[in-house]
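> Structure of the sequence below:
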Amino acid sequence: DATAPTYDGTKPLRVCVWNVQYGAGIRQHYFYDGGDAVSAPRPEVEQGIKKIGDAIATIDPDVVLLQEVDRRSRRTHKIDEFKLLRE
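Numbering: from 1, shown residues only. Okay, here's the model as predicted:
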């Protein structure tokens with residue numbers, strides 16, 4: 001893509017790697033850890049994704065690699081987390 005940014009090597013490359021855990025936060029005890037939860041409350045997901053987006057903006061990395069970002073999943077109330085993170 002001709003419009004993609006390029007890296008010229010004159011400064012350190014800043015990379016941010018983050019497992020967002022689908023924005024669910026740490027207050028839920030999920031089934032895969034022996035708990036009962038299969039989803040997180042919508043406000044908690046929205047708040048978690050907003051905080052993560054704000055932190056990434058503050059870090060201001062050149063490259064962002066994210067894991068567990070939901071897009072229209074039932075466990076996160078059909079929220080497009082990718083879209084929220086880009087805002």
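> and the residue at minimal distance from the centre of the chain, what does it touch?
By Cα atoms, centre = their mean, the mean C-alpha position of the chain lies nearest to Val20, the distance being 4.2 Å. Neighbour list for Val20: 48-49, 52, 66-69, 81, 85 [criterion: Cβ atoms under 8 Å, 6 or more residues apart in numbering]. For the C-beta atoms, the positions are set from N, CA and C on the backbone; glycine is no exception.
> which residues of the protein fall in helices?
42-59, 81-86 (DSSP state H).
> Of the contacts of Val20, grab the buried ones for PyMOL.
Here is the PyMOL command that selects the buried residues among the contacts of Val20 (16 or more other Cβ atoms under 10 Å):
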select buried, resi 48+49+52+69+81+85
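> Include distance to Gly9 and pLDDT when you put the contacts of Val20 into TSV, please.
Shown next, in TSV, are the contacts of Val20 (distance: Cβ to Cβ, whole Å; pLDDT from 0 to 100):
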residue	distance to Gly9	pLDDT
Gly48	35	93
Ile49	33	95
Ile52	29	95
Leu66	25	97
Gln67	27	96
Glu68	31	92
Val69	29	96
Glu81	32	96
Leu85	28	93
